[in-house]
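Here is my input; please provide its structure:
(chains A, B, C and D)
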There are 2 protein chains.
Amino acid sequence: MRIGELSTRTGVATRLLRYYEEQGLVSSTREHNGYREYADSAIERVNQVRGLIEAGIPTAVIRDMLPCLASTSNAIAPVIQRDLAETLAERRAQLDQRIGCLAKNRDAITSYLERATVTG
Amino acid sequence: MRIGELSTRTGVATRLLRYYEEQGLVSSTREHNGYREYADSAIERVNQVRGLIEAGIPTAVIRDMLPCLASTSNAIAPVIQRDLAETLAERRAQLDQRIGCLAKNRDAITSYLERATVTG
DNA sequence: TCGAACCTTGACACTAATGTGAAGGTCAAG
DNA sequence: CTTGACCTTCACATTAGTGTCAAGGTTCGA
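Here you go, the predicted structure:
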């Protein structure tokens, strides 16, 4: 599919799709005329990237994580450098921390709403 | 305490502490000479704000959540407008979504690392 | 063959969150 | 009384993530 279709299917502006490609987060091939051509899997990829960006993960970090995301469903055993393994473990720890923080604040909102008397 | 102490105790630059105050996320009183004076509770507040900002929550949204965060530990029953209650419920839903996304990606990293053969 | 609806790259601009530095006031200790 | 370590405000710079527009190529149907 071309960029316009990917855009309508994901709800992500074409401008951003090009930006993500520039940042190495999504890839495309080119048609003879230079138009970008996307595989179906790009839809899932874009959604995943969006989720992470909205969660405040910078594009450079997402790039680190891409091998993990790409292989979520396949069972190929990757061979990776120790450096990368360490980076990934660190990223995971950061995610854990972030999840904890968000959960704590969500719980605070929940408790607040439970205690609150609504008026107006 | 003054801004310098709050900065060293939280690890947050004074520049940012002033910025957060400008955004209504932390408050201070002023000494006779104009210096900012912070209560001890400001430390926890700053840490909480930092956590949320790092998780990608914009300052305007954090501002909405402040009443919840401030009253986490006290038992006073707040009285709020329906609008605010709706906004907060929405914020909580967004947090839930974000948490889900992050958890999913953390799990992807975990699974990747478990499958991986480390070399180098 | 013309126009609409795509696509391309490039550039300029905005916001949020920061860093950094200037120019100056306050205060305590030597 | 001066020096150094604080503090103040103001302002300009930067980065990431976007929006938007300009100038132009492609494709397809009327």
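
So A:Leu52 versus DNA strand C, what's the distance?
Between A:Leu52 and DNA strand C the distance is 17 Å, computed by C-beta to the nearest atom of the strand, to the nearest Å. Glycine gets a C-beta too; all of them are placed from N, C-alpha and C.

Next, count neighbours for A:Leu95.
Per other C-beta atoms under 10 Å in any protein chain shown, the neighbour tally for A:Leu95 reads 25.

repeat for A:Leu16
Here the count is done by other C-beta under 10 Å, and A:Leu16 has 16 residues near it.

Okay, and it sits in which element?
Assigned by DSSP states H and E, A:Leu16 belongs to helix A:14-22.

following that helix, which helix or strand comes up?
strand A:29-30.

Does DNA strand C have contacts with the helix holding A:Leu16?
Yes. Residues of helix A:14-22 contacting DNA strand C under C-beta under 7 Å from any atom of the strand: A:Thr14, A:Arg15, A:Arg18.

mind putting those residues in TSV, pLDDT and neighbour count included?
Shown next, in TSV, are these (pLDDT from 0 to 100; neighbours: other C-beta atoms under 10 Å in any protein chain shown):
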residue	pLDDT	neighbour count
A:Thr14	95	14
A:Arg15	95	10
A:Arg18	96	14
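
So out of everything in chain A, what residue is nearest DNA strand C?
A:Gly4 (2.4 Å; C-beta to the nearest atom of the strand).

in the helix of greatest length in chain A, what counts as buried?
The residue-count maximum for a helix in chain A (DSSP state H) belongs to helix A:82-115. By neighbour count on 16 or more other C-beta atoms under 10 Å in any protein chain shown, the buried set for helix A:82-115 is A:84-85, A:88, A:91-92, A:95, A:98-99, A:101-102, A:105-106, A:108-110, A:112-113.

Likewise for stretch A:17-35?
A:Leu17, A:Tyr20, A:Glu21, A:Leu25, A:Val26, A:Ser28.

And the contacts of it?
Outside of stretch A:17-35, the residues within contact range by C-beta atoms under 8 Å, 6 or more residues apart in numbering or on different chains are A:2-3, A:6-7, A:10, A:36-38, A:42, A:45-46, A:49, A:59-60, A:62-63, A:66.

Now do the end-to-end distance for that stretch.
Using C-alpha to C-alpha, to the nearest Å, the end-to-end distance of stretch A:17-35 comes to 13 Å.

DNA strand D contacts on chain A?
So chain A meets DNA strand D at A:13, A:15-16, A:19, A:23, A:31-34, A:53-54, A:57-60 (C-beta under 7 Å from any atom of the strand).

Could you list the buried residues of stretch A:51-66?
Buried residues in stretch A:51-66, counting neighbours by 16+ other C-beta under 10 Å, are found at A:Gly51, A:Leu52, A:Ile53, A:Ala55, A:Gly56, A:Ile57, A:Ile62, A:Asp64, A:Met65, A:Leu66.

From B:Leu95, how far out is the fourth one?
The reference is to A:Ala55. According to C-beta to C-beta, to the nearest Å, A:Ala55 stands 10 Å off from B:Leu95.

Could you single out the nearest of the residues of chain A next to DNA strand D to B:Ile76?
For the residues of chain A next to DNA strand D, the closest approach to B:Ile76 (C-beta to C-beta) belongs to A:Glu54, at 33.1 Å.

hang on, the closest one packs against B:Ala55?
No. Between A:Glu54 and B:Ala55 there is no contact under C-beta atoms under 8 Å: 10.2 Å.

okay, and the common contacts of the two?
Listed as contacting both A:Glu54 and B:Ala55 by C-beta under 8 Å, 6+ apart are B:Arg98.
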